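Asks: Fold the following and give me the result.
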Amino acid sequence: MLLTLFVKSAVETTLCRHSASISHRHRLLQTVLNKMAAPISITQRGQVLSVESMNENVKELEYAVRGPIVKRAGAIEQEIINGASKPFPDVIKANIGDCHATGQKPMTYIRQVLALCMMPDLAKSGLFPSDAVAKAEKILSGCGGHSIGSYSDSKGVDLIRKDVAGYISRRDGQPASGDNIFMSTGASEIIRTMIEMLAFGEGKNRTGIMIPIPQYPLYSACIAEMGVIPVGYYLDEDNGWGIDVAEMKRSIEEAKATCAPRAIVIINPGNPTGQVLSRQNIEDVIKFAYDEKLFLMADEVYQDNIYAEGAQFHSFKKVTCEMGEPWNKMELASFHSMSKGFMGECGLRGGYGEILNLGDGVKTMIEKLTSSRLCCAVTGQAAMSIVCDPPKPGDPSYELFQTEKNNVLKSLHVKAELVADAFNAIPGIKCNTVMGAMYAFPQLLLPNKAIEAAKAKGMEPDSFYAFDLLENTGICVVPGSGFKQKENTYHFRTTILPPTEKMKEFVKRFTQFHNNFMNTYKD
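Replies: Coordinates of the predicted model:
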């Protein structure tokens, strides 16, 4: 009210000064007052961060193993809980290598030592074996304040890095130094760090990184995030998903027209393909990388998971060292993790990278980058130390540790054979031997009608198949298109992790579905 009176007085005074007529002054004053009475329009403050204004690289990022089909599987589980009627009693999640989530039991010794690290007073209880108590005390002695809750050095706890180096030395028969070890949140973090370090240049000088096709989506996701160019080289499905040098040469020569290839990723044992590279194959890759001046990135997180007769794990570190000069001077980063192997401790997020033969100042820059993240979880570091420095013959925990380890690996071996044999007995599917890792990657020989039906729905044929499989059987697998594949081929990835009886149920449901699907869409 006071504002209205003030404005009225001000307008009348101004108009009088300009000798306006009474009627004119009245009309102008009424116009001003009417505008004051009208609702005030306030421009809405827009979102600072929107899909349109966000980092373009993030929009390019995809991660198939946690994609739409997994969300649908979760929704179906909830529908079953809510009482919905389905043609199956439960969802079989074969989409991700999450060992404990599918029923694998934790290793007793690992959990005992971690419990003692978290609650040191438990050592007085008399419930724990003496070697577990001693191991926990050793780990805590390297932690600030004798507590696992303290920060560590950005590279990791010093004595834990020495434990990792000791493991590598025993594995390879070659010296290893804790100074070259970077502890990591799983293997993923150090892999991401190395890709970030390699990201460089613009236009045709922009970094390209060679990745196997099919590939683990972590690599394509990190490459997209860092604005690096993916340079795919196809694995040879007809030769057990081996690496073909001629194919690598084709790939890199084509890539040189658009980018500058600077690194090559090798996943051994393979994910999603389950192959184990021969010693000769590894040597061929090393020589190729040397000739093309490529940084070697060896993803070796499945090194304990070897099943096929005659197959053997060879680390890239060991092979480069045994080949001698000039190959033993090559830049190499190799990665390992707590999440796979016989441990399966995915949630503890323990891992490491060993990085060798870096140029002057490069290691300092990696240390600077890791220091910006403070450190990875010390619980994960401790778990990695336990695996790299396990009970020894004669220790109280040795026999149980070995028994549990062997039981896990024997069970995976049985399921690797079960799944591959079952797929190869079904018309319209072919599957290579699951030599290692935790997955099968069978090829679907789909009828044209099925391919056309998928296209009509705007879907990749293997996605169309996988969603139909989920809705009819409750089996959740990952379409091969999420891992990339040769044009006009169709696959899916399944884990071999669920218990043996559940995998037998998987085979039963899958076989019935596949036969019905092929009959429905037969040409």
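Asks: from here on, contacts and neighbour counts on C-alpha atoms
Replies: OK.
Asks: for the stretch 351-500 of the chain, what spans make up the strands?
Replies: For the stretch 351-500 of the chain, the strands defined by DSSP state E, counting those that start in this stretch occupy 429-430, 439-440, 443-444, 475-476, 478-479, 490-495.
Asks: Might you list the low-confidence residue ranges for the protein?
Replies: 1-46, 48-50, 53-66 (pLDDT under 70).
Asks: From the centroid of it, which residue is nearest?
Replies: residue 218 (4.2 Å; CA atoms, centre = their mean).
Asks: Distance-wise, check it relative to residue 359.
Replies: To residue 359, residue 218 is 26 Å away according to CA to CA, to the nearest Å.
Asks: All the strands of the protein, in order from the start?
Replies: Here the chain has its strands, by DSSP state E, at 92-93, 181-185, 207-213, 229-234, 260-267, 295-299, 332-337, 350-356, 429-430, 439-440, 443-444, 475-476, 478-479, 490-495.
Asks: Nearest to residue 504, out of those?
Replies: Nearest of the strands of the chain to residue 504, taken as CA to CA: strand 92-93 at 11.3 Å.
Asks: Mind giving me the packing neighbours of that closest one?
Replies: Here strand 92-93 touches strand 475-476, going by 3 or more CA pairs under 8 Å, 6 or more residues apart in numbering; DSSP states H and E.
Asks: Tell me how far the strand it packs on lies from the chain's centre.
Replies: 20 Å (CA atoms, centre = their mean, to the nearest Å).
Asks: before we move on, what about stretch 172-182?
Replies: The answer for stretch 172-182 is 24 Å, by CA atoms, centre = their mean.
Asks: Going by neighbour count, which residues in it are buried?
Replies: Residues of stretch 172-182 classed as buried: 172, 176-178, 180-182 (neighbour count, 16 or more other CA atoms under 10 Å).
Asks: Next: stretch 489-502.
Replies: Neighbour-count burial for stretch 489-502, counted by 16+ other CA under 10 Å, picks out 490-498.
Asks: And stretch 98-113, by the same measure?
Replies: Quick answer for stretch 98-113 (16+ other CA under 10 Å): 98-102, 104, 107, 109-110, 112-113.
Asks: how long is that stretch from one end to the other?
Replies: Stretch 98-113 has an end-to-end distance of 22 Å (CA to CA).
Asks: Pretty sure residue 209 sits against residue 264.
Replies: Yes: look at residue 209 against residue 264 with CA atoms under 8 Å: they come within range, at 5.6 Å.
Asks: the more surrounded of the two?
Replies: Comparing residue 209 with residue 264 by neighbour count (other CA atoms under 10 Å), the higher total belongs to residue 209, at 28 against 25.
Asks: How about the more buried one: what's its closest non-neighbour residue?
Replies: residue 263 (4.9 Å; CA to CA, 6 or more residues apart in numbering).
Asks: The one you found and residue 210, how far apart?
Replies: The gap separating residue 263 from residue 210 is 6 Å, by CA to CA.
Asks: picking that back up, adding distance to residue 339, write the strands of the stretch 351-500 of the chain out as a markdown table.
Replies: Listed next are the strands of the stretch 351-500 of the chain as a markdown table, based on distance: least, CA to CA, whole Å:
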| stretch | distance to residue 339 |
| --- | --- |
| strand 429-430 | 29 |
| strand 439-440 | 14 |
| strand 443-444 | 27 |
| strand 475-476 | 21 |
| strand 478-479 | 19 |
| strand 490-495 | 14 |
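Asks: And these: which comes nearest residue 423?
Replies: Using CA to CA, those put strand 429-430 closest to residue 423, at 6.1 Å.
Asks: about what we covered before: tell me which two of the buried residues of stretch 98-113 sit farthest apart.
Replies: Taking CA to CA, no two of the buried residues of stretch 98-113 sit farther apart than 102 and 113, at 23.5 Å.
Asks: distance of residue 459 from residue 452?
Replies: To residue 452, residue 459 is 10 Å away according to CA to CA.
Asks: Likewise for residue 463?
Replies: Separation of residue 463 from residue 452 (CA to CA): 13 Å.
Asks: Compare the two (neighbour count), which wins?
Replies: residue 463 (22 against 15).
Asks: for that one, what are its contacts?
Replies: 478-481 (CA atoms under 8 Å, 6 or more residues apart in numbering).
Asks: of all these, which comes closest to residue 515?
Replies: Looking across the contacts of residue 463 and measuring by CA to CA, the closest to residue 515 is residue 479, at 18.4 Å.
Asks: tell me the contacts of residue 343?
Replies: By CA under 8 Å, 6+ apart, the neighbours of residue 343 are 106-107, 405.
Asks: can you tell me which helix in the chain is longest?
Replies: If you go by DSSP state H, the chain has its longest helix at helix 398-424.
Asks: can you pull the buried residues of it?
Replies: Result for helix 398-424 [16+ other CA under 10 Å]: buried residues 401, 404, 408-410, 412-413, 415-424.
Asks: go on, stretch 286-301?
Replies: Buried residues in stretch 286-301, counted by 16+ other CA under 10 Å: 286-290, 294-301.
Asks: what's the answer for stretch 243-255, then?
Replies: Residues of stretch 243-255 classed as buried by neighbour count (16+ other CA under 10 Å): 243-244, 248, 251-252, 255.
Asks: Reformat those as CSV; add distance to residue 379.
Replies: Output for the buried residues of stretch 243-255, formatted as CSV (distance: CA to CA, whole Å):
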residue, distance to residue 379
243, 37
244, 40
248, 40
251, 41
252, 41
255, 42
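Asks: among the residues you listed, which are in helices?
Replies: Among those, DSSP H puts 248, 251-252, 255 in helices.
Asks: of these, closest to residue 337?
Replies: Out of those, the member with the shortest distance to residue 337 (by CA to CA) is residue 248, at 27.2 Å.
Asks: For residue 135, see how far away the closest one is.
Replies: With distances taken as CA to CA, residue 248 is found 45 Å from residue 135.
Asks: what's the answer for residue 473, then?
Replies: Residue 473 is 46 Å from residue 135, where distance means CA to CA.
Asks: what do you get for residue 463?
Replies: For residue 463, the distance to residue 135 - CA to CA - is 48 Å.
Asks: before we move on, what about residue 400?
Replies: Distance of residue 400 to residue 135, computed by CA to CA: 16 Å.
Asks: ok, now how distant is the nearest residue to residue 115 once chain neighbours are set aside from residue 383?
Replies: Setting aside the residues directly before and after it, residue 115 is nearest to residue 122 in space (CA to CA, 6+ apart), at 7.9 Å. According to CA to CA, residue 122 and residue 383 sit 18 Å apart.
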